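Engineer: Pasting a predicted model and its sequence here:
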Amino acid sequence: MLGRTASSRLASRSFWCRPRIYRPNVLHTRTFQLDVRVEKNKVRFLFPPKDSHPEHSIDVSQFWLRDNCRCQLCVNKDTLQKDFDTFDVPGNIKAEHSQTQQDGVHVTWSDQHVSFHPWNWVKSMAPSYRQEGVNAAPSKAAGWSANSWDEWAEARETDYKDVMDKNGTGMAKLTAAIHHYGLGFVKNTPVSPEATEELLERIGPVRNTHYGGFYDFVPDLAKADTAYTNIALGAHTDTTYFTEPTGLQAFHMLSHIPPPGEPSGALGGESLLCDGFYAAEKLREKHPEYFKTLCEVKIPWHASGNEDVAIAPDATYPVIETESGLDGPIRRIRWNNSDRGVVPLEAGFDVVDRWYAAARELDSIIKSKESECWFQLQPGTVLVFDNWRILHGRAEFKGLRRMCGAYINRDDFVSRWKLSNYDRADVILHNMWQHR
Ligand SMILES: C[N+](C)(C)CCCC[C@H](N)C(=O)O
Ligand SMILES: O=C(O)CCC(=O)C(=O)O
């Protein structure tokens, strides 16, 4: 028997028995013959052959199917959230029969509810029918080097007006370049912090940190960090000391005023970029044992400069993180010589020394001519890059150099990239299944 609260919740939701009216939010008409069979403790979906995929069946638990009802009584049509409590549905609920119709599969249940599963949702069940839209998005480009920097110049350049135009393709192109190559430039941006912030907010909400939100800085040590000085900064990723390092970082150099009496030439402050995925892949290729060490040895990171700040992540983290094991694609690089903590002695004498040897090798790859891309940021051009992949730095400089920009969370960026490049309904479906 259901508990009093559950049964009263059920009773109050008379829709279980009310005839269901639905207008599926995305009507994907039937594009393939599918057979659905209700069996004793499961429901079998029989997918016809497609491309190289032979005919195949997928058996699902009845309760799973019920919990994934997409009718407008079970899914809030305004928020697309589940609109019922999964656990108000009796665990012994039974599917009685199913019908395939123009708009999807309808299943009648022992409590008279009729669940609805639109075709695009059903297709998401089968890998062979899944490879469309964002599911088929290109994976990240292989690492680029200084030698290939010019090969993809067109892909990384966008224009401010086009990116800001809601009906333009600029945002799609910019976010695709950042997803695929790790960075993009937005040209002809008005040379103001306001226009820069407006641009970045269009990608995703600016992330607040102990540096504030949108940052606009000069070398005055306003924050206790060497970025707020004029010294050279080696190639690094930012916020290695956060449990989740910032996903994107952006820089827009607004001005660079020479010191009094100095000519405006040769002030320094050139920018450095290096594809961390390229460097890490080089290490994996040339020194797999060093790659393994930088993936396995977890180290502390910290931000301690400001009086009221002593930040460290929830755990120690390695320099290189991969998806699904040592041979998997590289997921994230944490590389910051200034903000790294103490390589843990608990790892053992040999491991500590191997860590330094491995890090030295990666450092030499990063600092190699083939990895380093130097260029001069100009007022009007905003650089936006993937801080989980791209290392950045700068040359020392003289004079008053003003830089602005912001951090943006990874998930907010990925959302913008998907929605700018793919059909929203497909993206929502993709996200629900989290297909890789
Ligand atoms: C970008 N902004 C000037 C706000 C901060 C710079 C912070 C630099 C810090 N060492 C880190 O690597 O995270
Ligand atoms: O000033 C620059 O060009 C870069 C500063 C920097 O590396 C940072 O803020 O993390």
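Structural biologist: Alright, I've got the coordinates. Ligands and ions are numbered 1, 2, ... in the order given.
Engineer: what's the residue in the stretch 301-436 of the chain that ligand 2 sits nearest to in contact with, if anything?
Structural biologist: Using C-beta to the nearest ligand atom, the closest approach of the stretch 301-436 of the chain to ligand 2 is made by Arg394 at 3.6 Å. Glycine gets a C-beta too; all of them are placed from N, C-alpha and C. Contact partners of Arg394, counting by C-beta atoms under 8 Å, 6 or more residues apart in numbering, are Ala232, Leu233, Gly269, Glu270, Ser271, Leu272.
Engineer: In PyMOL, how would I select the buried members of these?
Structural biologist: Applying 16 or more other C-beta atoms under 10 Å to the contacts of Arg394 leaves a buried subset, and the PyMOL line that selects it is:
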select buried, resi 233+269+271+272
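Engineer: re earlier: quick one: pLDDT of the residue of the stretch 301-436 of the chain closest to ligand 2?
Structural biologist: We have a pLDDT of 98 for Arg394.
Engineer: That one bridge partners, please.
Structural biologist: Leu233, Ser271 (DSSP bridges).
Engineer: Check the gap between it and Glu270 for me.
Structural biologist: Distance of Arg394 to Glu270, given as C-beta to C-beta, to the nearest Å: 7 Å.
Engineer: same thing with Glu321?
Structural biologist: Taken as C-beta to C-beta, the span from Glu321 to Glu270 is 30 Å.
Engineer: now swap in Pro259 and tell me
Structural biologist: 17 Å.
Engineer: which bits of the stretch 151-300 of the chain sit near ligand 2?
Structural biologist: Contacts of the stretch 151-300 of the chain with ligand 2, taken as C-beta under 6 Å from any ligand atom, map to Ala227, Leu233, Asp238, Phe251, Ser271.
Engineer: tell me, which of the residues you listed make contact with ligand 1?
Structural biologist: The subset of those within reach of ligand 1, counting by C-beta under 6 Å from any ligand atom, consists of Ala227, Asp238.
Engineer: What's the nearest residue in the stretch 151-300 of the chain when you look at ligand 2?
Structural biologist: Per C-beta to the nearest ligand atom, Ala227 is where the stretch 151-300 of the chain lies closest to ligand 2, at 3.4 Å.
Engineer: That residue: neighbour count?
Structural biologist: If you count neighbours by other C-beta atoms under 10 Å, Ala227 ends up with 17.
Engineer: which SS class is it?
Structural biologist: Put simply, Ala227 is helix when judged by DSSP: H, G, I helix; E, B strand; the rest coil.
Engineer: swap in Ala425?
Structural biologist: Recorded secondary structure, Ala425: helix (three-state DSSP).
Engineer: Repeat that for Gln72.
Structural biologist: coil.
Engineer: Please apply the same query to the one 5 residues further on.
Structural biologist: Here Lys77 is recorded as coil under three-state DSSP.
Engineer: Give me the local confidence score for it.
Structural biologist: Predicted confidence (pLDDT) for Lys77: 92.
Engineer: And for Pro24?
Structural biologist: Pro24 is assigned 40 on the pLDDT scale.
Engineer: Next: Lys123.
Structural biologist: 89.
Engineer: contacting residues around it?
Structural biologist: Applying C-beta under 8 Å, 6+ apart to Lys123 gives the contacts His28, Phe32, Tyr129, Arg130, Glu132.
Engineer: I'd say the last one and Asp426 touch.
Structural biologist: Yes. The pair Glu132 / Asp426 is scored as a contact, 7.1 Å apart, by C-beta atoms under 8 Å.
Engineer: Do you have the helices of the stretch 301-436 of the chain handy? List them.
Structural biologist: 349-366, 410-421, 424-433 (DSSP state H, counting those that start in this stretch).
Engineer: Let me have those helices in TSV, extended by mean neighbour count, mean pLDDT and distance to Val382.
Structural biologist: Shown next, in TSV, are those (neighbours: other C-beta atoms under 10 Å; pLDDT from 0 to 100; distance: least, C-beta to C-beta, whole Å):
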stretch	mean neighbour count	mean pLDDT	distance to Val382
helix 349-366	16	97	24
helix 410-421	18	97	15
helix 424-433	16	90	25
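Engineer: Around ligand 1, which positions in the stretch 151-300 of the chain sit nearby?
Structural biologist: Tyr211, Tyr215, Phe217, Asp225, Ala227, His236, Asp238, Thr239.
Engineer: repeat that with 8 Å
Structural biologist: 209, 211-212, 215, 217, 223, 225-228, 236-241, 246, 249, 251 (C-beta under 8 Å from any ligand atom).
Engineer: picking up where we left off before, most neighbours, which of the contacts of Lys123?
Structural biologist: Tyr129 (21 neighbours).
Engineer: Find the helix or strand that that one is a member of.
Structural biologist: helix 127-130 (DSSP states H and E).
Engineer: Let me see the mean pLDDT of that helix.
Structural biologist: So the average pLDDT for helix 127-130 ends up being 82.
Engineer: What's the first helix or strand after it?
Structural biologist: Per DSSP H and E, the first helix or strand lying C-terminal to helix 127-130 is helix 153-156.
Engineer: How about the contacts made by the residue of the stretch 151-300 of the chain closest to ligand 2?
Structural biologist: For Ala227, the contact set (C-beta under 8 Å, 6+ apart) comprises Phe217, Leu233.
Engineer: do you know how far it is from Leu221?
Structural biologist: In terms of C-beta to C-beta, Ala227 sits 10 Å off from Leu221.
Engineer: sorry, back to before: possible to save the contacts of Lys123 as JSON lines with distance to ligand 1?
Structural biologist: Listed next are the contacts of Lys123 as JSON lines, based on distance: C-beta to the nearest ligand atom, whole Å:
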{"residue": "His28", "distance to ligand 1": "44"}
{"residue": "Phe32", "distance to ligand 1": "50"}
{"residue": "Tyr129", "distance to ligand 1": "43"}
{"residue": "Arg130", "distance to ligand 1": "38"}
{"residue": "Glu132", "distance to ligand 1": "39"}
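Engineer: so which of these comes closest to Gly305?
Structural biologist: Ranked by distance to Gly305 (C-beta to C-beta), those are led by Arg130 at 47.6 Å.
Engineer: hang on, isn't that closest one packed against Asn120?
Structural biologist: No. The criterion here is C-beta under 8 Å, and Arg130 misses it with Asn120 at 10.1 Å.
Engineer: Helix, strand, or coil at the residue of the chain most remote from its centre?
Structural biologist: Within the chain, the residue lying farthest from the chain centre (C-alpha atoms, centre = their mean) is Gly261, at 46.8 Å. Of the three states, Gly261 takes coil under three-state DSSP.
Engineer: Cool, thanks, talk later.
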